[in-house]
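Student: Following is a predicted model, sequence given first.
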Amino acid sequence: MTTTFDKRLTAEAMVASLADGMTIGIGGWGPRRKPMALVRAILRSGLKDLTVVAYGGPEVGMLLAAGKIKTLIYGFVSMDVIPADPFFRHARQTGAFEARELDEGLLQWGLRAAAMRVPFLPTRTGLGSDVLTANPDFRTVTSPYDDGEVLLAMPAIKLDVALLHATKADRLGNTLTMGPDPFFDDLFARAATRTFVSADEVVERLDLDAATAKDNFYERCFVTGVVETTCGAHPTTNPPRHGWDFKAMKAYAAAAGEEGGWNAYRRDVIGTDEADYIDRMGGVATINALPLPIF
Amino acid sequence: MTTTFDKRLTAEAMVASLADGMTIGIGGWGPRRKPMALVRAILRSGLKDLTVVAYGGPEVGMLLAAGKIKTLIYGFVSMDVIPADPFFRHARQTGAFEARELDEGLLQWGLRAAAMRVPFLPTRTGLGSDVLTANPDFRTVTSPYDDGEVLLAMPAIKLDVALLHATKADRLGNTLTMGPDPFFDDLFARAATRTFVSADEVVERLDLDAATAKDNFYERCFVTGVVETTCGAHPTTNPPRHGWDFKAMKAYAAAAGEEGGWNAYRRDVIGTDEADYIDRMGGVATINALPLPIF
Amino acid sequence: MTQEFTLAELVIVACADAFRGNGEILASGVGTLPRIGAGLAKLTHSPELLMTDSEAFLIEDPIPLGPRTGTPALSGCMSYARVFDIVWSGRRHAMIGPLQIDRFGQTNLSGVGPYAQPKIAMLGMRGLPGNSANHINSMFVPNHSKRIFVEGEVDIVGGVGYNPARWLPGMNQTAVDLRRIVTDLCIMDFEGPDHAIRVRSLHPGVTFDQVQDATGFPLIRPEGLGETPGPDDAALAVIASLDPKGMRASVFKDNPPARRS
Amino acid sequence: MTQEFTLAELVIVACADAFRGNGEILASGVGTLPRIGAGLAKLTHSPELLMTDSEAFLIEDPIPLGPRTGTPALSGCMSYARVFDIVWSGRRHAMIGPLQIDRFGQTNLSGVGPYAQPKIAMLGMRGLPGNSANHINSMFVPNHSKRIFVEGEVDIVGGVGYNPARWLPGMNQTAVDLRRIVTDLCIMDFEGPDHAIRVRSLHPGVTFDQVQDATGFPLIRPEGLGETPGPDDAALAVIASLDPKGMRASVFKDNPPARRS
């Protein structure tokens, strides 16, 4: 009797539903739990002129190298073990994109404003700094109470699309994201008109218990589609399954130092097919054996 | 070599550190995880003219009946199984206190403003309603962006003191609060100058793992003192230890219907000593056997 | 042939119908009949609805009323902090039973009488201002009367509605979205001119005049006003599965059949 | 008699001292020496400090650098969402190593050169604007030079400071609280007139003129300027326990002793 619904789709179908010029938020944090398979699908596509919003890891350098990004809204771009992404640095130093640097806390505050459907949220953060230079459209707001304090009115960062990676998902769009830190995946999902989640495993139905239910970070009403892509976070960390692939990140960074390095990397490493990519990276078993980093 | 510190104190010492006229936030939600032992210590004291901020359960009716509350900031007052607290109703109907009714979501928004140290947070919630009648000092704020939207500027609800109940605490002020919902205990703690936590058990040191560490809802820098008080949440629910005590709540509510009912309840039930109170309620084993409610 | 059904079961179907076509939103039916109605919607025409275990979790299989056996399979978390995230995002439809309702759809849970010192104080505003300003809302009224459907404005406006005097320039009231009022006499909606309240269908054996007489403000009577549809056998089976202890029988006095005699 | 100690160990003690008397705040020492310094503070004079496992949890026993054996006992959670709660609450002291520092205490992690197209781009602003506007901050500079202590303003102001031109009427800058700058030559603070940068103590064998020559703006020299105190044996033992692999030896070239020859 019950009718039902199914949110599964391929990364290619997801990309086909996007349009040039969209604002795309990417979850995770630096080299941690990035929806890299979805990003690779974008790299393999003709999509362009994107505004990207991220706590940037290698996905940002790749999208910049591929000329996909018109505007970047970010707190930082870093792979931690390789602090400065050379593709990012080069693009920044050549003025290849509009750079809207934010404080890390402001970025989540702007996403929260969008999530809560208010045009702005007030804060002291950013005042006195070049956040205001980097974002000339930012305005201040005066408290209507007796304190009369002048605050930064952090504008809502509304996303057309959010891309996230989860450990597990079901066809209804429920997700389970393991690992010690949710980062701000929930806010990315809530701030977006549509959200696509890649997951190492997509099952028929997630049956969670009280302890794990909290690790469904965003309700499925915010999830438009789920893409099964085992090791889809590679080369970033994806606890508890695997750590980051330092060798792979190093090879990517090294490409920046070579003439035509990105084109070769795009052709030979990213390639044309995700399954082939995973094979080239050693396969699922090898990736899942990458140790988790210790800090 | 290491010096150390110890935040343990008695409920009486906690009350002695409070002053008439203070603004006191009380954690939990309705008849759920209320720091009742701390409230009973206030009931046994001479403290008065309080502003109380709460998602109100039986503690509010009791403090009103005892004449402790000058101003009440609240989303509701209810014991769920006994929807309307008769002491609260009587006090409200006789204008015995200044009633500042809020929407439930506004209350947490005001606490969040205080926690984030901003004078206000904007929202649509409250506009068009008698929240503005109930809180004549509330003002609106106009978005400085092109939308020009007029929003309610929910003012920060700053607390002098927050009172919370936890499952377990250590002498350093680390806490573990079990049960399915944190409610807004974290925001109460962050919004307060000082926070006192009653806990069923206070240990030397809490050693948590990755799964339980998240259930330390507020960092110990927000905890001024911890009070060991087994079954201190009685008669409210305190999962997983015990459910609410319907019989006790019914007896409390029934007292409102009798001539001099509160005085008798205050004298015979609340009494002068917490250990005697727990004994009168059947003792620790009986209370811990109260089944958790099912909804 | 369809079984006989009760007024409660008719109302459950009407409640369920309010959640039809809402999209993927949190369906919060508060009280016995709205809760069964939300479950009926999810198990029949609207599987995409989100629903809670009535405490702090999301579930995909609506939980029958009454004592449970075992722990339900959970699909997510709906702590109160998340409730407000969902409410403010607009992805919810709440159906509750207010103390008073006025012609503008404004609702009151706070009390009867003036705010400063009400004659009858209730619980407080609860989530009404936020719900009504942010997402879809419907109402359930078990005893259609002028005491609830008041003549003027409700005494204390918790839930906001379509009263232009309450909205100042610059305020965004576009998210106010009142849908259905399900009562023991009829279903009403806000599809009259300027969101005026309209009788959508009459329960079997009830007349428009009966409804109007029990309402403190004029109602719109649409062309071809028809009868509220009842449950089919399949729906009755789902209702029985959601309420195995028959708690729906105690909502209306003497558990009358759907058709008034 | 006290053991010989290295410049790195002297700097660790100086970093630790920055966290003394801060009260119960989150001590975030970023980088090898500030991290050991924060641990030293907690294990000696300031047990009340909060500290993380450098990932997402709070711990009470500072975690030694390098590979771990076993799982540390956790006392709480410090996910990034909680980090910003703590930062904005003001209950934190961060000590980081900026790219540039100016006379106002303003700091830069974004890059060298104009914002629109820097000559050298770094990571971005990270948390500098928020940290500096909300809680205590200190800095660690491993190579005291005019390249870092710039003549004018830093090229891109991430961390805010005491430059009156950057603060407009009505803005609340009372939470700006810059404490110490620990370098390979000296300790500085902001206790000069109008928060001017002052040399607080010189590392053994370093002269004021050496420091001034390596700094792009004039420094305050207080009366009776003394020598930076080094670790006692107890402190050296704690340092060794926090850095069992000796990672502190690779911060300064050739791991020099504390006293310049």
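Tutor: Sure, I can see it.
Student: from here on, contacts and neighbour counts on C-alpha atoms
Tutor: Will do.
Student: sec struct for the residue of the stretch 151-261 of chain C found nearest chain D, please.
Tutor: Using C-alpha to the nearest C-alpha, the single residue of the stretch 151-261 of chain C nearest to chain D is C:G170, 25.2 Å away. With DSSP: H, G, I helix; E, B strand; the rest coil as the basis, C:G170 sits in coil.
Student: list the contacts for it?
Tutor: C:G170 makes contacts with B:142, B:148-150, as judged by C-alpha atoms under 8 Å, 6 or more residues apart in numbering or on different chains.
Student: Over to C:A94?
Tutor: With contacts defined as C-alpha under 8 Å, 6+ apart, the neighbours of C:A94 are C:27-30, C:131, C:136-138.
Student: Out of these, which is nearest to chain B?
Tutor: Set against chain B, the nearest of the contacts of C:A94 by C-alpha to the nearest C-alpha is C:N131 (8.0 Å).
Student: Make sure that closest one is indeed in a helix.
Tutor: Yes: C:N131 sits within a helix when classified using three-state DSSP.
Student: what sits against it?
Tutor: Remark: with contacts taken as C-alpha under 8 Å, 6+ apart, C:N131 is in contact with B:125, C:87-88, C:94, C:137, C:159.
Student: Identify the farthest-apart pair in the residues you listed.
Tutor: B:T125 and C:A94 (15.5 Å; C-alpha to C-alpha).
Student: So for A:F76, what's the nearest residue that isn't a sequence neighbour?
Tutor: Using C-alpha to C-alpha, 6 or more residues apart in numbering or on different chains and skipping residues adjacent in sequence, the residue nearest A:F76 is D:G124, 4.4 Å away.
Student: How is that neighbour classified with respect to secondary structure?
Tutor: coil.
Student: Report how many residues lie close to it.
Tutor: Each residue near D:G124 was counted by other C-alpha atoms under 10 Å in any protein chain shown, and the total is 26.
Student: Quick check: it touching D:P118?
Tutor: No: counting by C-alpha atoms under 8 Å, no contact exists between D:G124 and D:P118, whose distance comes to 11.3 Å.
Student: follow-up on the earlier one: and the pLDDT at the residue of the stretch 151-261 of chain C closest to chain D?
Tutor: As predicted, C:G170 sits at a pLDDT of 97.
Student: List just the nearest of the contacts of C:N131 to A:E219.
Tutor: A:E219 lies nearest to C:V87 out of those, by C-alpha to C-alpha, at 12.2 Å.
Student: quick one: the closest one is in a helix?
Tutor: Yes: read with three-state DSSP, C:V87 is one of the residues of a helix.
Student: check contacts around it.
Tutor: The contact partners of C:V87, by C-alpha under 8 Å, 6+ apart, come to C:130-131, C:134-135.
Student: which of these has the most neighbours?
Tutor: Using other C-alpha under 10 Å as the neighbour criterion, C:N131 leads the contacts of C:V87 with 30 neighbours.
Student: show me where the stretch 101-250 of chain C has helices.
Tutor: Under the criterion DSSP state H, counting those that start in this stretch, helices of the stretch 101-250 of chain C are mapped to C:128-134, C:208-213, C:233-242.
Student: Next, give me the two most distant ones among the contacts of C:A94.
Tutor: Using C-alpha to C-alpha, the pair of these lying farthest apart is C:V30 and C:I136, separated by 14.0 Å.
Student: higher neighbour count, those two?
Tutor: Using other C-alpha under 10 Å, the more surrounded residue of C:V30 and C:I136 is C:I136, with 24 against 18.
Student: how much space between the more buried one and chain A?
Tutor: If you measure C:I136 against chain A using C-alpha to the nearest C-alpha, to the nearest Å, the figure is 15 Å.
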